[in-house]
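In: Here's my sequence, what's the structure:
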Amino acid sequence: MIRLHYYSNSVALRLPSIEEEEEVYRIDEIKEFEAVDSAWKEALAQILQQEEDESQIFVKFFKFHKCYDLIPTSAKLVVFDTQLLVKKAFFALVYNGVRAAPLWDSSQQRFVGMLTITDFIKILQMYYTSPTVTMEELEEHKLDTWRSVLQDNVKELVSIGPDASLYDAIRTLIHNRIHRLPVIDHETGNVLYILTHKRILRFLFLYINDLPKPSYMHKTLEELRIGTFSNIETAEPDTSIILALRKFVERRVSALPMVDEEGRLVDIFAKFDVINLAAEKTYNNLDVSLKTANEHRNEWFEGVHKCKPTETLYTIME
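Out: Numbers count the residues shown, from 1 in each chain. Have a look, this model is predicted:
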């Protein structure tokens, strides 16, 4: 079951209030995947065992499965009307605990794009001047207005059908340099799910111990050259939020390692942390330090997860 949350400026489709919180689909009720039948795992493993070229094992796995296979048994899907105010849209992302939402254009009767945290960052970076100046654009602009301002950078919505293979989905994500791919039923025009790199990897990991493993899974990150090994963009605890936002946009990175004066890792500031500015309503002062900004983190933050270049790809996936 997919629980749809549609946000519009219409009174009938207003933002939910705190009093309605019991009606919101709780995160702990969401089931990502049904349990995979062991007999099916074994049959698939036998098919892939016959592959002579080990580098093609996972390729065949992803070609074998369709995007439909990743659609969860129960989930929450948030959709925004393009006439919704920018500020309300980002509050809704926070309220629902999601990082992106498809955009529905009522005049065209179709989905036209995605709203992500990167958009919020671009808005803040474009209109912020000082703590004493209110960002009226954020307070008053509609999503459609914001898309018009960025029309040179706004791309057509990239989507995929539920019957397309996961291999095609991965190629689409890579080719278009996007992190989220809506699965749209082309017959009804309905969005069914949002595919991400993380969700695809989670799906693969359901089968990983039953499939034949390519030898590269046991090679180290250093051997495979996976990751960034030079010219790493970093920040310091006293780096301002606005400077960090510029780094996100200019370097096209999703997180900044925070290092001390000796270059030792002490924390991290990620794109997702920016959404806390909306949650805390502190986006009018972006001159504060990252250290101060991180004090607003929720209890779920588990600290910085680290890995070593000598660890294997399989270990990292675990």
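
In: now Leu103, what's its secondary structure?
Out: strand (DSSP: H, G, I helix; E, B strand; the rest coil).

In: and the residue lying closest to it once chain neighbours are set aside, which of the three is it?
Out: Taking Cβ to Cβ, 6 or more residues apart in numbering as the measure, Leu103 lies nearest to Gly113, with 4.5 Å between them; neighbours along the chain are not counted. Heads up, the C-betas are built off the backbone N, CA and C, glycines and all. Secondary structure state of Gly113, per three-state DSSP, is strand.

In: ok, now which ones touch Gly113?
Out: 102-103, 147, 154-157 (Cβ atoms under 8 Å, 6 or more residues apart in numbering).

In: how does this protein divide into domains?
Out: 1-30+72-161, 39-71+163-179+189-212, 221-317 (automatic domain parsing).

In: Now render these as CSV, adding mean pLDDT.
Out: Output for those, formatted as CSV (pLDDT from 0 to 100):
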stretch, mean pLDDT
domain 1-30+72-161, 74
domain 39-71+163-179+189-212, 85
domain 221-317, 87
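
In: Phe269 should be in a strand, yeah?
Out: Yes - secondary structure assignment places Phe269 in a strand (three-state DSSP).

In: does it really touch Leu290, like I thought?
Out: Yes - when contacts are counted by Cβ atoms under 8 Å, Phe269 is listed as touching Leu290 (4.8 Å).

In: Could you name every residue contacting both of these two?
Out: Contacts common to Phe269 and Leu290, judged by Cβ under 8 Å, 6+ apart, are 235, 244, 256, 258.

In: Which members of these occur in helices, if any?
Out: Among these, the ones falling in helices (DSSP state H) are Ala244.

In: Identify the residue spatially nearest to Pro214, adjacent ones excluded.
Out: Leaving aside its chain neighbours, Pro214 sits nearest to Glu54 (4.6 Å; criterion: Cβ to Cβ, 6+ apart).

In: The residue nearest to the spatial centre of the chain: what's it in contact with?
Out: Relative to the mean C-alpha position of the chain, the nearest C-alpha, by Cα atoms, centre = their mean, is the one of Arg99, at 5.5 Å. Arg99 makes contact with 93, 116-117, 180, 272, 275, according to Cβ under 8 Å, 6+ apart.

In: Right, I'll call it a day here.
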